[in-house]
Every structure is written in structure tokens, then in C-alpha cells.
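Novice: Please work out how this folds:
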Amino acid sequence: MLNKLTTHPALHFWLIGLLAFLSVSAFEPTPILTVQYPTDQRIAELERQWSQLGAGAFTSDAKANLIQTEIDRDILLAESLRLHFHLQDQGVQARLIRDMRFMYEGSEETDEVLLDQAYAMNLHVNDLVARRRLIQMMESSLRAVGERQPISEQTLRDAYENEQYEHLAPERFTFTQVFIQWDQNRRDTEQRAKEIFKTISDRSVQPDEAISLGNPFISGHRFVDQSLAQLTREFGPTFTAALANCRVNTWCAAVPSPYGLHHVWLSDQKLAARLPFDQVKSSIEYTLRNQAGEKSLSEGLSRLRDRYQIVGAPL
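Specialist: Now for the predicted structure:
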């Protein structure tokens, strides 16, 4: 039976065809992947955007970096299309269907038909939102190679020990304030503040009782365990710079802010303290994964640059 099969003409024909196919496939050149160099019009638009951002002089280095960024985006888009991301992502598809229904208002075609028409019109490339989404998907795909690598407990602990300065609970302040709102004449405000502070000092008025000598303050008069960052958002940097130099259980007189002057009784100041490992472990892991993802993206993009030819680049 085996002899009959091996001598059958049809089997010989099939084997010859298979060998021919494999031979052609083995020597067939790798498809050339290309992206277009930005046009003069596009480069001019990049320069206008640069100027609008107030990023400084549009130097030759700045121009080269912007052009490379533009090329990289086109490479990422081209690769996402080559991998058919536009056929897989529901967000992109929903955007294209919405565009088609906007362009053909009242159309009774199904979503599937409109989506096919959108692909035929290259809407997935020309629509800015869909285009940005496809680039982001390709970036995420490259990042994922690094982000999904396992991270050992020891690696996390080593990072905690080496970067412990980043894992500090911030310095915190607890104080009571007497608020003196700015008058139209700031000298009047300063004089009023001096008189209030003299009353506090002469009568040894306690902080909670002294509050009534000033004006109401929208956020209240007592602040507990507030960081400098929180207080800067509330009072501004001039206030927090002065507060950092105050002493505990002592009045700081006439601390300025955009709202007025503040007599501050600092009742507690907690110095920055190192957070325990278990409390910051997830944050360290997130940082390490993000770093690995950025490295993976950079390496992946470098490989793609080697695969793509830039068409129309100046000599």
C-alpha cells in the first residue's frame, strides 16, 4: 500500500508544488515598510504650534526633534494598521460609525455596513481621534512587554532602600490663625494687624479666643496636620515660606497671603517621616513597571525605525 502511494503521480505533483512554494517563500524578499517624511506644510504647522506654546526659539535641534516625533507617530500608526488594530478596537469602530452617521445623516444602513464603508474611505487614518487612538494602542503594546515582566519582592525592597527619600510622609503643621483681611489701603491693614497683635500679647489671649479679634476666613481658622503643599494651595507660597520658619507654641505675627495678614499660633509641627515599606510597596511597583514600560517602548520604537524606510526625506 505504501509503495503504491509513493509512486502515485498525484502525490509527486503535490510534493513538487510544495517544494516550489517553499523555495519561493524562502527567497521572497521581506516587504518594504515605508512612511512619508513630513511635508513642508506640515513642518510649518509644527513650527506654528511650537510658537503658540511659547516654547522658545524654533532652533534646528527643536525642528529636528519635532520632525522625528512626527515620523515616529506615523511609524506607530503604520504598524498598528499592519497589525490590524483598527479592525479589533471597539473604541475606534464606534468613532468611525459615529462619523459615518454624522456624514450620512438619516442613513438606514447597519453599523456593519457603515463601518466597512469607513474603512474603504480610510476614515480610520484620516479621523484625528481614531488616528490618535491607534497610535496610543501601538505605544501600549510596546510598553506592555516591559510592564508585564515579573518584579520580585527583593527588587521592590532594594528600590525602597535606594530611594527612601521619595517615600517620606510630608512635614505637617497644625495651627490656629487670626485673619486680618486686606483693606483698600494696605497700610490700614498693617496698622489694624499691629493693634490686634498688641491686644493678644498684652492680654495673653488664647489662640481660640483670639480668632474673634480678626475677620472671618472662608476655610476656617484652625488647620490640622496640613502639608506645605496643601497650605500652599490654600494660602500661597509666601505664607508657607514664613510658616516653615515659625516655632511651635509661639505666635508668628502678620504672615502675609494674597487675602490679608495672618497671626498664626503654631501648635504642632510633624517632621517628614519615612513611610513603612508595606505602605509604599504598590507605589514602588507602579514606578518600576512604568520605567520598564518606557524602556520597552523606546527599544520597540528603535526596532521599528530600523524596519521602516522614510520616503521623501531631504538629502
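
Novice: What residues sit buried inside the helix or strand harbouring residue 133?
Specialist: Secondary structure from DSSP states H and E places residue 133 in helix 128-147. Neighbour counts over helix 128-147 (16 or more other C-beta atoms under 10 Å) mark 130-131, 133-135, 137-139, 141-143, 146-147 as buried. C-betas here are computed from N, CA, C, even on glycine.

Novice: so where's this structure uncertain?
Specialist: Applying pLDDT under 70 to the chain flags residues 1-31, 164-165.

Novice: Between the two ends of stretch 96-109, how far is it?
Specialist: This stretch, stretch 96-109, spans 14 Å end to end (C-alpha to C-alpha, to the nearest Å).

Novice: For that stretch, report the contacting residues that lie outside it.
Specialist: Stretch 96-109 has contacts (C-beta atoms under 8 Å, 6 or more residues apart in numbering) with 111, 114, 115, 117, 118, 119, 123, 124, 127, 130.

Novice: The first one: neighbour count?
Specialist: Meaning residue 111. 14 (other C-beta atoms under 10 Å).

Novice: filter the contacts of stretch 96-109 to the buried ones?
Specialist: Buried among the contacts of stretch 96-109 (16+ other C-beta under 10 Å): 114, 115, 117, 118, 123, 124, 127, 130.

Novice: Provide a list of residues in contact with residue 149.
Specialist: Contacts of residue 149 by C-beta under 8 Å, 6+ apart are residue 292.

Novice: Just say helix, strand or coil for it.
Specialist: Recorded secondary structure, residue 149: coil (DSSP: H, G, I helix; E, B strand; the rest coil).

Novice: doesn't residue 264 fall inside a strand?
Specialist: Yes - secondary structure of residue 264 (three-state DSSP): part of a strand.

Novice: Next, the buried residues of stretch 94-108.
Specialist: For stretch 94-108, by 16+ other C-beta under 10 Å, it's 95, 96, 97, 99, 100.

Novice: still on that earlier bit, moving C-terminal from the helix holding residue 133, which element do we reach first?
Specialist: helix 153-162.

Novice: residues in contact with stretch 178-192?
Specialist: Contacts for stretch 178-192 (C-beta under 8 Å, 6+ apart): 193, 196, 200, 207, 210-211, 213-217, 221, 254, 259-263.

Novice: Could you export stretch 291-301 as CSV, CA atoms only?
Specialist: Extracted C-alpha coordinates of stretch 291-301, given in CSV (Å, rounded to 0.1, in the frame of the first residue of the first chain):
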residue,chain,number,x,y,z
GLN,A,291,10.1,52.7,33.9
ALA,A,292,10.2,49.2,32.4
GLY,A,293,7.4,50.2,30.1
GLU,A,294,9.1,53.4,28.9
LYS,A,295,12.3,51.4,28.3
SER,A,296,10.4,48.8,26.3
LEU,A,297,8.6,51.5,24.3
SER,A,298,11.9,53.1,23.4
GLU,A,299,13.5,49.9,22.4
GLY,A,300,10.5,48.8,20.4
LEU,A,301,10.3,52.1,18.6
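
Novice: Which residues belonging to it are considered buried?
Specialist: Here stretch 291-301 shows 292, 293, 296, 297, 300, 301 as buried, counting by 16+ other C-beta under 10 Å.

Novice: Need the residues you listed in TSV (columns: secondary structure).
Specialist: TSV is the format used below for the buried residues of stretch 291-301 (three-state DSSP):
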residue	secondary structure
292	helix
293	helix
296	helix
297	helix
300	helix
301	helix
